[in-house]
Structure formats: C-alpha cells, structure tokens
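Trainee: below is the sequence, then the predicted model.
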2 protein chains.
Amino acid sequence: MTYRAPVDDILLALKTAGGLPAMIDKDLLAGLDEDTIKSVIEEAAKFGGDVLAPLNRVGDAEGCKLEGDKVTTPKGWKAAYEQFIAAGWSTLPCDEAHGGQGLPEVVSMAVGEIWNAANLAFGLCPLLTQGAIDAVTAHGSDELKRIYLGKMVSGEWSGTMNLTEPQAGSDVGALRSKAVAQGDGTYRIHGTKIFITYGEHDMTDNIIHLVLARLPDAPAGTRGISLFLVPKFLVNEDGTLGARNDVKCVGLEHKLGIHASPTCVMAYGEGEGAIGYLIGEENRGLNTMFIMMNQARLAVGVQGVAIAERATQAAIAYANERKQGSKLGDKSGAMTEIINHADVRRNIMTMKAMTQGARAICMATAGQLDMSHLAKDEGERAQAAALAALLTPIAKAFSTDIGCEVASIGVQVHGGMGFIEETGAAQYMRDARILPIYEGTNGIQAMDLVARKLPLEGGKTVQKLIGQFKQTVAELGASNLPAFGKTAERLDGCIDALIGASAYMGKTLPTNPEAALAGATPYLLLFGLAAGGSYLARGALAAVRDGGGSGSAEQVALARFFAENLCSGGAGLAASVIDGADGVLSLSPAQLG
Amino acid sequence: MTYRAPVDDILLALKTAGGLPAMIDKDLLAGLDEDTIKSVIEEAAKFGGDVLAPLNRVGDAEGCKLEGDKVTTPKGWKAAYEQFIAAGWSTLPCDEAHGGQGLPEVVSMAVGEIWNAANLAFGLCPLLTQGAIDAVTAHGSDELKRIYLGKMVSGEWSGTMNLTEPQAGSDVGALRSKAVAQGDGTYRIHGTKIFITYGEHDMTDNIIHLVLARLPDAPAGTRGISLFLVPKFLVNEDGTLGARNDVKCVGLEHKLGIHASPTCVMAYGEGEGAIGYLIGEENRGLNTMFIMMNQARLAVGVQGVAIAERATQAAIAYANERKQGSKLGDKSGAMTEIINHADVRRNIMTMKAMTQGARAICMATAGQLDMSHLAKDEGERAQAAALAALLTPIAKAFSTDIGCEVASIGVQVHGGMGFIEETGAAQYMRDARILPIYEGTNGIQAMDLVARKLPLEGGKTVQKLIGQFKQTVAELGASNLPAFGKTAERLDGCIDALIGASAYMGKTLPTNPEAALAGATPYLLLFGLAAGGSYLARGALAAVRDGGGSGSAEQVALARFFAENLCSGGAGLAASVIDGADGVLSLSPAQLG
C-alpha cells in the first residue's frame, strides 16, 4: 500500500478553512497565487509519495541503532534526507532573509501533512528543526542568526528541542539542568535530557540543540529557566565546523512506534560542560519557547491528520480488494469486496470524515496564525492571534485523538491481517499513539483551552468563533439542499451544546476550578466536533457553489456524516461537562486505589 | 507493575450480575457455596499474580520461535504451564465424567479473567483447549471422548481451532480444505490453515486440532463443512502416543501483540494426508462449532475485561507515584502525584467504570449460559438461552472495544513513559488490539445482534432484558441516595434511547436491512452502555444494602460516573442509529475511493 497525497482535499481545506483566498485578495502573500500554491503541494505530493512513503515500513522494521555515541538511521534515510534538502523543502516557511521561501503557515502545514503521512518518523526531523529555526529567528542574537540560521534553513544542520528531564515532563518548571556563565558571553551546560527527538543521527553534519537550563541564581520554577543554543560541533567564525562540544547521546528509547525517529537520552557536560549561547534573556527561556508553542502544537495536530489520512487510504485500498461474504440480498453465493458491507462503509466514512474535519480545524488554525502575522491592521492581527490561540489546543488534541482512533479503525477494517505487522495498518496505530502525548498531553491541551483560552478577551474570542459556526448553520439552512439531510439540525444542536458548556465553564472556572477542569477533556472534544462539523459544512457549501460535480457530492456526504453521526454526540458531551464533575471527583485519590 | 486480581470486584459481579445467589438458592450448583467459590477465586488470584503475571513482559519481549517445524515458547512458559495443570486449573469447568470439576460458567469466566489479566498470551492456551473440549464433549463419539477427553481436561494435551484460511476469514463458508473418507472410519485431511493460536508449541506432548474441511461431494458454502479431530501425534488404543500425523507448523506470524502466543500457519497433508476423525455429522461442522460460539465469544469478551483491569491497575499505580505540577490552589510549588489532577482522575474513573461495566455484562451473560444448562424448568432454560444469545455479541464487542480504549487511556496516563515499551502500558494496548477482531469481528457481532438476536422470540427477549434495566432505574429512584446524583436520570435516558433505537431496528430490518446494518455498531455500543450502566447500578444498590462502607461508596461512585459520563452519550448514539444510515450509505463504494 502506497500513499497518494489528497491534493484536492488539502486545497479545499486551504481555501475554505484556511482562508487562503482572503489572504490573496488582501495581497498579504507577496504576490503568491493559488496556482503557485497548488503546484507546490503537487510537487510535495510527488516527493512524499515517491521518496518518503516507500521508506516508512523499512524504517519501522529496522529502527535506529546506537553504537558508542553514534546513531545510525535506517537504510535509505540519509539519501532521502539529502534529496529533501536538495529540493529545498526545508526552506519553505522560513524567513527570506536567511534563505527561506517565506511561504505562509497554511502552505507549510499542508506540506507538513504530506511529509508526515508519507513517513511520520522522517517528518519529525524537519518539524523539530523548524521549531529551532523559529526560536533563533525570533530571539537569537544577530551573531547566532548569522552563524546558524542559514545552514538550519537549508537543512544542512538539523535542530532539536531539549525540555524534558526524568522528573520534568509536562512540568517543565521542575527541570534541573544547569548553565553557568563563563564571562565570555558563553555558558557551560550540565544535565541530562530525555525524549530528545533526533538528538543524535547521521543525516546532517551538525545538530543544533536548543536546551532549557537554570542559571545558578535562578528563581525556582518556570521563572528561572533560560534557553541556550548548544551545537553538537562548535562553529568557527567562518562557518566551518570546530571542536566537538561536550554533549552526546547516551541512550535510545525502545518505543511503541516511530522506530526510525531516534528518541535520545542526551548527556550535557559529562566533561567540562557543553558550551552554549543564550537565546533571548536570562530566566525568560520559557517565554521564548512559548512563542513557538502554538506553531509546534499545530504541527503535531497536523501529524494526527497525516497518520489518519494514511490509515484511511490503506483501509480503503484493502476494503476494495478483500472479498468476504456476499452482498446483502445476493443469493448467488458470490463473494463481494468488504467495502460493500454497510458496517465497513460506516468505518470508512468515520475515518474520512474525522480526517477531513481535523484537517479543516488545523487549517483554520494555521490561517489565523498567518493572519496574526500578515494582516495589515493591528486589530485584525490581535483578533487573529486570539483565534489562533483558542484553536490551537483543539487542533492539537482533537486531531491527534482522531489520529489514534482512525488508525485503530484502520486495523479493524483489515481484520486479522490488521494485527499482522507486514500489512502496515498496525504501524500507523503504533506511530499515532505518541501524538496525544508529546508537545503537551491532550489533557494539558484541554486544561489550556478551559483555563487560558476561554477567558481570552473576556470570552469574546470564543463567542466570535461560535458566531462563525452559527453562520454556517444559517447558510446550510438557506442552501435548501436535500443531500445535506439533517446536517444543519445536528450541527446546530452540537453548537448549542457547546454554547451551554462554554457558559458553564465561564461560570465554574472562577468558583470551582477543579470541577471545570474535570470536564475539560469532553469539553475539548465537543468543541472539536462543533468546529469540525462547521468547517466541513462550509467546505461542502463552497464545493457546491463551485459547480457541484462528484467532488461536491463527496464533500456534502462527509459533512452530513460528520454532523449526523459525530456531532450527534454533542449534547451528551455537554451533559458530561455540566453534570459529570461530581462523579469524576466523588472518589478521593486514596479511594481510587 | 504487578497484577493483583480484584477479588472483591469479581465477587460482586458474580453475585449481582451473574446471579450466583439465585443459582445457589435454587440448588443448581450441586452444593457449591459462595465460600467455596470465593476460595477458588482467591487461589486463582494467587496463581495468576505469582506465576503468570511475572511472565507477561518477558513473553512479549522474547516471543515464540519457529525452527524447522518446532515452536519454542518463551523462557519460563513451559514450567508455568506445568504448574498450571498440576494445580488442576484446566479441569475447572469440565465435565466430571472426564475428570473435570464441573464448576459453572460464571466461575470459569471469573477465573479466566484472572489468567488473561495476568498474561493474555498465556491465557489463550487454556481458552482454546476449553473450546476443543466442549466440542468433543458435545459431539464427539464415545471412542473419541474415551481416548482424548481425559488428557485434554487434565491439560496434558492442548487443543486448537482451525477455521481460517487465507480466503476464508469471517466468511468461513469459503474454506477449501479437503477431507477424504478412507473407508475405515478415518479421513485424510489436506489444506492450509492460518491464524491458528497455539497451533504448535512445546508445552504439551500432544496437540489436538479441531479442523473444518470439506468432503469431496459437499455442498458449497456453509452447509458443506465438516469438523474433524486431527491429533499432532496419533494415539494408540492404550492411550500412548503413536506416529507423528501429517500436520505441521510452517510459519509464525509477526504480530502487533500477544507475541508469546504462537499464531501458526498449519499445513495439513503435505504427504499422504493428515489422519482425522469426524466430530458430529458430515456437513454439519459449522453447526457443531456454533454450539461453542456463545461460550468462546464470551471468553474473548472476558479477555477484554482482563486487559482493561490490568491496564487500569498499572495506570493507578503510576498516577500514585509520578509527580508533576502542583495541586490546584497550592502555591508552595510542591509537586503532587498526578492522580490529584482532575483530568487524570477522569481518566482513571473512565478506566475503572468501563472495566467494571464490561465485567458485569460478561458475568450476566455467563449467568444466563449457566441457567440455560442448569435451570430445572425447561421454559426457564429456554429463556436463559435466549438471553445468553442476546447478550453474547454485546459481551464480546463492548468488552473488547473498551479493552482497547482503556488500554489506550492507560498509555496516556503514563505520558511519555507510556510510549516506552519497558513500562508495559504499551504492551497492554498492543495485546488488546486483537480482541475486537478474532472470534468474529465486532462489526460481525453488531450485525449478529441486530439481524439474529433482536428478533429472538419475536422481540420478547430484548423486551425482557430492557424491562430488567428499567427495574434497576426504579430501584435507584426508590433508594433516594444523594450520592447517586443523576444516575437514575441518565441511565433512564440511555435505556429510553435504546428502546427507541430497538423499535427502529425492528421496523427497519425487514424493510431496509442495509440501513439497519449501517447502524449496527452504534446500536451495540448503546446497548452496552444501557446494560453496563444498569448492572453497575444494580451492583451499587446491592453493596449499599449489604451495609455500605467504603466498598459501597466506590460502587456508587462508579455507577454514577458510568451513568453521568458514559450513558449520557446514549441519545446521540440512538440518533446516529436512527438518522445516520443515509449518511453512511450516501457515497457509493466507488466514490469512497
């Protein structure tokens, strides 16, 4: 089973959820037009399908190997990476001043979906490098930018993010790594970091680690953390590589999935200390990281969409091939492809609708991120930034949760063969399982949504977004298209449930925060259903307006399925949010065992 | 993380869902009393915890090895199996005439949960042997019973079920293996079978294969299948082992989970043909198999409960140990165990409630199976058989679906560590994933429920069961216990949704079977929620009546959580059943891609 990027679906999401036409109309994209973007995505589709996708299974089977402190990536990995950077893919979203192409976030996320669908373990390397580039771009000194950014943007050097320590996972404030100023503008870093993705590998000449650590006199907790750039090899003034820095990989994790992505234990300063350079201000490292957080969380959400798309394609291919049983009513005894069975069709429709709904949510988030940078009016930028902030935890958590669910349904569609590793369906499920965990667990996303995002602008941000959803319901009603069935009714019910649950949250958070947080997870899911249903309906309405045809029939059917079969659960989720907390909290931790 | 069998929870389910007290009162259990059953379960708890559980992780890491046609089980497996049979555990539910202890199904399932929670891959060996024993007991000739049953019951010989062929999975009627009568009462068997659990291994001297095959003149499809007993070693008149039969293992599958359970490709008759003995009548093999099907499906449902219990225990232990973040409102900066965070508590409550709900459903099914054999009145036996038949697909599908979900939540509670294999949480998730697939996929269970079970007794069986659920709602109302919160209301709403969806199914199945089947999966889930919620509430009411205390507080809390946070989704599922079919079916298979 190979992977074919769903170019039309991606373009539809770019346009109807990502707001691309408006950005072009308002001349925010420096002359970039739809045709150019389409051809970028088509080229990415070719590269992903031809070069990256064939390595996905071998990468899983072979994994990475650690010998001494050297990590070897699977066969073919290094050559693929060379092709990737030679084709300029790593430069796409980066600043033109440092050799980037300056494409908007919506395009970067669209292309990112393709890399990660083709090969999630591979896709993590550019994803992490991009995060490091963004941090250096936003907060690095001119000197750091001059020395490092060019080769990071070109992809010649990769980047990492070093936050986690054994005692400090979600609770970053608990980290203990130390940084000591040397008086010459450099620092010496000591400490152990775990779960460092692509912390060591053989695909690039140098690896640029961004490391959170504490100065000796730093305040406790999150206000005493600084961010440092620590290169694997020190870099001379002329850009050539100098001495090996005092940082090395001392362990690789044996993981459930993404075997080809090396997850490293990194030891900083086993000798005299790793030389590091401060990024931003002392003790403000976490703020520096937070700036990238929306973008990184969105990128992980896109990974959820990606793995869901890949799993869906595999399931459809298998269901079109595998024959079992007869068609309903056929007494001839002839076997039929299992896609003809109603229950399998429900599975496939669930997979498709969830995938497209999550894609639309991610694209809407990316569009707001773009507007938060590009809009000409300051008020518009602020409004977009607030909407992006609100949407980000939903994009991350909803998309990665459905990524796992869709991949699991994919195994089910394959029947017994799904449990056999060679089919590939099981790999998608294993790979997907990290996504709800890293870059802030989905529980943390839900709490972020409730505690930090709902109160944005005194609640006006969420009201505005819900107003947009309601607008789509009105347009559905006005369209009068019988093929939509009960789409408007079910979507409207789901949005009303969201309104009720949001009001409860607004009231409860200040008075009984524990009760509010006890409902955070179903609240986020409810929000995701209302958003996904709205964006899919909006996309379907646009497809119908654009002339109908087979594409619009598919979009209408998916929007309908999403509303009638997924949004229909909205009221139940709201009940769980509003009435469920006492049940959640009625047993004390001691009683829980 | 070790496993401790939840003896009290199991006993509560035995009594309040399994109907044990009534069976004892009616003197149906040959003098067996509660204390004896309790001590059997306590002994099983010791054996599972001390002997089987410690082998679970090593079994996963090591897996089985095939060299030539010999399969080697992981280190410690054979010794554990010897202890297992020496302690007489394999004889528990078997006929006393063949050396069994004749314990009822409810006890057998309770003990089966313990084996499978301790070690799912190990538990499959006795589970499959039991199926073979039941088939030979029910339909074997006296000669076959005399020669084979004693050693199968004692566990000296294990058993297998050989149904699947590459082209014949769920569609058993498509199988092609051949059987030719030799004129001396024996048959020669030729064919390849796949997915044969414990088809070859080193734990017993002989393996007794039950094999479905076709006679040369057999009708096509399911009416032309016969069942044969094919021993690995032929057995002499005096019970000693004779020549090696013409059957061997020619491949082991590389699977997502249950690595220590060998999943074999079996070649029958590569030489002159494997010698087999007919069980039951020619061409009636499938009927013979069907007789065991309710019991085998229930046993797989119990596996779902088992893995959920194991995953829940691991998550609770981790959440009580791992410190991240501060308690809400604590400004001291002290870290707290994550079980103190509301969202983690929701996860743990979900795991516990789903597990106990599924256990109760399985126990109710087992209780009806027992009554279908043991009740003194023929009408009562028939009624129980119908209820067992109705409950079986729910027990299988609901319990295995929640098994996967609970195991996945378990990974999530572990955060990044959950994705690392050494923690064990990932193994539970991998192991669990086969359960919704084998012994009839959960889609097939849902179709079985809708198409075959709802029409039982002209719909009276389902009405009777729903009437029992409603009775529990009435008792909840009468109890007037504030700690139940909205349990009665939410459960009642869920039952009403089930009534509405059942009426829709009854009306739609004859007129538009495809639409009915398109809603089969959400219908089954809805049924599972109504049943699980009812049985948990019944158990909680019983615990309160029995004197309250901390046990009853826990049961009340779990029943409440189940009703307020899971049953609350019932109306949405009913909407999906009743209004969702058009959306499911609106794209043709060709349009699906």
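Mentor: Yes, it's here.
Trainee: which residue does the stretch 101-250 of chain A bring closest to chain B?
Mentor: The nearest approach of the stretch 101-250 of chain A to chain B comes at A:D171, 4.1 Å away (CB to the nearest CB). For the C-beta atoms, the positions are set from N, CA and C on the backbone; glycine is no exception.
Trainee: what does the stretch 101-250 of chain A have sitting close to chain B?
Mentor: For the stretch 101-250 of chain A, the residues in contact with chain B (CB under 8 Å from any CB of the partner chain) are A:164, A:167-171, A:174, A:194-195, A:220-221.
Trainee: now render those as a markdown table, adding secondary structure and neighbour count.
Mentor: A markdown table is the format used below for those (DSSP: H, G, I helix; E, B strand; the rest coil; neighbours: other CB atoms under 10 Å in any protein chain shown):
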| residue | secondary structure | neighbour count |
| --- | --- | --- |
| A:T164 | coil | 21 |
| A:Q167 | coil | 14 |
| A:A168 | strand | 20 |
| A:G169 | coil | 23 |
| A:S170 | coil | 20 |
| A:D171 | coil | 20 |
| A:A174 | helix | 19 |
| A:I194 | strand | 22 |
| A:F195 | strand | 26 |
| A:A220 | coil | 10 |
| A:G221 | helix | 15 |
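Trainee: max pairwise distance over those residues: which two?
Mentor: The distance between the two most remote of those (CB to CB) is 22.9 Å, for A:F195 and A:A220.
Trainee: now stretch A:286-301: buried residues?
Mentor: A:286, A:288-289, A:292-301 (16 or more other CB atoms under 10 Å in any protein chain shown).
Trainee: pLDDT weak spots in chain A?
Mentor: Within chain A, the stretches with pLDDT under 70 are A:1, A:548-550.
Trainee: tell me the centre residue of it?
Mentor: Nearest to the mean C-alpha position of chain A, counting by CA atoms, centre = their mean, stands A:V300 at 1.9 Å.
Trainee: just the helices in the stretch 351-500 of chain A please.
Mentor: Under the criterion DSSP state H, counting those that start in this stretch, the stretch 351-500 of chain A contains helices at A:378-413, A:425-432, A:442-448, A:460-479, A:487-511.
Trainee: the stretch 1-150 of chain A too?
Mentor: Using DSSP H, counting those that start in this stretch, helices in the stretch 1-150 of chain A cover A:7-16, A:20-25, A:34-47, A:56-62, A:77-86, A:105-118, A:120-139, A:142-144, A:150-154.
Trainee: under a three-state scheme, what state does A:C567 occupy?
Mentor: Here A:C567 is recorded as helix under DSSP: H, G, I helix; E, B strand; the rest coil.
Trainee: list the residues that contact it.
Mentor: A:C567 sits next to A:490-491, A:493-494, A:529-530, A:533 when contact means CB atoms under 8 Å, 6 or more residues apart in numbering or on different chains.
Trainee: which ones, among these, also lie beside chain B?
Mentor: Filtering the contacts of A:C567 for proximity to chain B by CB under 8 Å from any CB leaves A:R490.
Trainee: count of neighbours near A:Q463?
Mentor: 12 (other CB atoms under 10 Å in any protein chain shown).
Trainee: quick check: the gap between it and A:T312.
Mentor: In this view, A:Q463 and A:T312 are 34 Å apart by CB to CB, to the nearest Å.
Trainee: can you check A:A13 too?
Mentor: Between A:A13 and A:T312 the distance is 15 Å, computed by CB to CB.
Trainee: quick one on the thing from earlier: quick one, which of the helices of the stretch 1-150 of chain A gets closest to B:L585.
Mentor: helix A:7-16 (21.0 Å).
Trainee: residues of the closest one that come out buried?
Mentor: Buried residues in helix A:7-16 (16+ other CB under 10 Å): A:9-16.
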